[in-house]
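Novice: Need a 3D model of the sequence below.
(one chain, ligands or ions: 2)
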Amino acid sequence: MEGKVKVFTGTGDYIASQELQNSVNVAVALQRPLLIKGEPGTGKTMLAQSIAEGLKKELLIWNIKSTTKARDGLYIYDTVQRLYDSQFGDHDVADISHYIKLGRLGESFAAQEQVVILIDEIDKADIEFPNDLLWELDIMSFYIPETRKTVKARHRPIVVITSNAEKELPDAFLRRCIFHYIAFPDAEMMTEIVKVHYPELELRLLNEALEAFYWLRSVGGLQKKPSTSELLDWVQALTTGGIKPEQIMKELPFLGVLIKKDQDFKTVLQRLHSDGKEVKPLAGIPRSW
Ligand SMILES: Nc1ncnc2c1ncn2[C@@H]1O[C@H](COP(=O)(O)OP(=O)(O)O)[C@@H](O)[C@H]1O
Ligand SMILES: [Mg+2]
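Specialist: Ligands and ions are numbered 1, 2, ... in the order given. This is a model prediction of the structure:
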């Protein structure tokens with residue numbers, strides 16, 4: 001049917017809970033930015049890829065760093081290149097438009113078709129950053145004084161914004177977004193997630209791995225709990241290393257794939273000791289990697 005609205009339901013490689021699907025579809029329908037929070041490794045970045053794939057749109061990614069300024073996402077005026085060209089080049093430096101480069105957000109406005117724009121890890125930037133973007137995200141347009149041109153979105157992009165942080169975002173910014181917190185997957189959901197990555201995985205191995213994984217996450221005082229991406233790496237290590245299901249809880253093989261901090265390693269060992277478990281974790285990763 002023509003004009004039929006596509007609905008996001010996850011994709012072959014991405015498991016989205018019903019609530020997450022709803023949040024995505026509401027944000028798209030209301031044309032509001034979708035703000036996704038959650039622990040690292042809970043699939044925030046991958047969600048944007050999945051939305052783009054599921055809705056068959058191009059994905060533009062704007063990775064935020066501590067030094068990123070809101071303006072960089074709109075456009076930059078490359079004065080250094082212009083100065084260089086005026087001295088050494090044979091370019092026509094009078095035409096400033098040659099030196100105006102759209103940033104990721106600018107590109108998403110200028111695109112011929114509707115795109116998905118991911119503003120990844122917005123909490124990395126300083127506190128003013130989200131507020132500085134409010135106006136442009138609302139009206140989806142901005143003015144370039146150097147060329148006296150306005151860039152205006154033909155099709156409002158689907159905006160996905162991710163944040164890892166405990167750091168709070170400004171109220172005015174939050175008001176405009178559809179907010180979704182990705183809770184850490186429970187064992188049932190995690191089973192599905194692992195299965196989309198390793199469809200052939202032996203069920204007994206998976207169950208043992210999950211038991212060890214959730215046990216590790218439950219150890220008090222860890223600085224960095226292992227997340228989904230570490231579990232996926234671990235499953236790969238276990239299969240590559242030819243580990244048997246019954247070895248997993250006994251030996252915690254390749255623990256270094258899950259636990260990355262020395263202090264956490266010690267914490268885990270202490271906990272094993274106080275539980276009276278005779279476990280000798282084998283660190284490292286399989287040789288064949
Ligand atoms: N719901 C999910 N479905 C499938 N894979 C997932 C899911 N959540 C996380 N993953 C896996 O975990 C990895 C880390 O996800 P990522 O999107 O980078 O997390 P975040 O951006 O939240 O830190 C992804 O590469 C993917 O392999
Ligand atoms: Mg990410």
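
Novice: Least confident secondary structure element in the protein?
Specialist: Ranking every helix and strand in the chain by mean pLDDT, DSSP states H and E puts helix 79-88 at the bottom, with a mean of 86.

Novice: quick check, distance from that helix to the centre of its chain.
Specialist: 37 Å (CA atoms, centre = their mean, to the nearest Å).

Novice: What residues of it count as buried?
Specialist: Buried residues in helix 79-88, defined by neighbour count with 16 or more other CB atoms under 10 Å: 82, 85. In this view, the C-beta of every residue, glycine as well, is placed from N, C-alpha and C.

Novice: For it, C-alpha coordinates in CSV please.
Specialist: Output for helix 79-88, consisting of C-alpha atoms alone and laid out as CSV, is shown next (Å, rounded to 0.1, in the frame of the first residue of the first chain):
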residue,chain,number,x,y,z
THR,A,79,39.4,29.5,7.2
VAL,A,80,42.7,27.8,7.4
GLN,A,81,42.3,26.1,4.0
ARG,A,82,41.0,29.4,2.5
LEU,A,83,44.1,31.2,3.8
TYR,A,84,46.3,28.5,2.5
ASP,A,85,44.7,28.6,-1.0
SER,A,86,44.9,32.4,-1.1
GLN,A,87,48.7,32.1,-0.7
PHE,A,88,49.6,28.9,-2.5
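
Novice: Please work out which residues outside that helix touch it.
Specialist: Applying CB atoms under 8 Å, 6 or more residues apart in numbering, the external contacts of helix 79-88 come out as 91, 93, 96, 98-99.

Novice: From those residues, keep the buried residues only.
Specialist: Once neighbours are counted (16+ other CB under 10 Å), the buried part of these comes down to 93, 99.

Novice: To be precise, which single item in the contacts of helix 79-88 has the lowest pLDDT?
Specialist: Looking at pLDDT alone, the contacts of helix 79-88 dip lowest at residue 91, where the score is 73.

Novice: Return the distance of the residue lying closest to that residue once chain neighbours are set aside relative to residue 102.
Specialist: Closest residue in space to residue 91, ignoring its immediate chain neighbours: residue 85 at 4.3 Å, by CB to CB, 6 or more residues apart in numbering. Using CB to CB, to the nearest Å, we find residue 85 at a distance of 19 Å from residue 102.

Novice: count of neighbours near residue 247?
Specialist: By other CB atoms under 10 Å, the residues close to residue 247 number 16.

Novice: same deal with residue 119?
Specialist: Counted with other CB under 10 Å, the burial measure for residue 119 works out to 28 neighbours.

Novice: residues near residue 11, how many?
Specialist: When neighbours are defined as other CB under 10 Å, residue 11 has 18 of them.

Novice: contacting residues around it?
Specialist: When contacts are counted by CB under 8 Å, 6+ apart, residue 11 touches 50, 53-54.

Novice: So which of those wins on neighbours?
Specialist: The most neighbours, when those are compared by other CB under 10 Å, belong to residue 50, which has 24 neighbours.

Novice: That residue contacts residue 12, doesn't it?
Specialist: No: Residue 50 sits out of contact with residue 12 when judged by CB atoms under 8 Å, with a separation of 9.2 Å.

Novice: Wait, residue 257 touches residue 230, no?
Specialist: Yes: using CB under 8 Å as the test, residue 257 is close enough to residue 230 to be in contact (6.4 Å).

Novice: Quick check on the two: which one has the bigger neighbour count.
Specialist: A count of neighbours by other CB under 10 Å puts residue 257 above the other of residue 257 and residue 230, at 22 against 19.

Novice: For the helix or strand containing residue 270, give the mean pLDDT please.
Specialist: Under the assignment given by DSSP states H and E, the secondary-structure element containing residue 270 is helix 262-274. The pLDDT scores in helix 262-274 average 90.

Novice: Could you measure from whichever residue of the stretch 1-150 of the chain sits closest to ligand 1 over to residue 110?
Specialist: Distances between the stretch 1-150 of the chain and ligand 1 by CB to the nearest ligand atom are smallest at residue 43, namely 2.5 Å. Distance check for residue 43 against residue 110: by CB to CB, it reads 29 Å.
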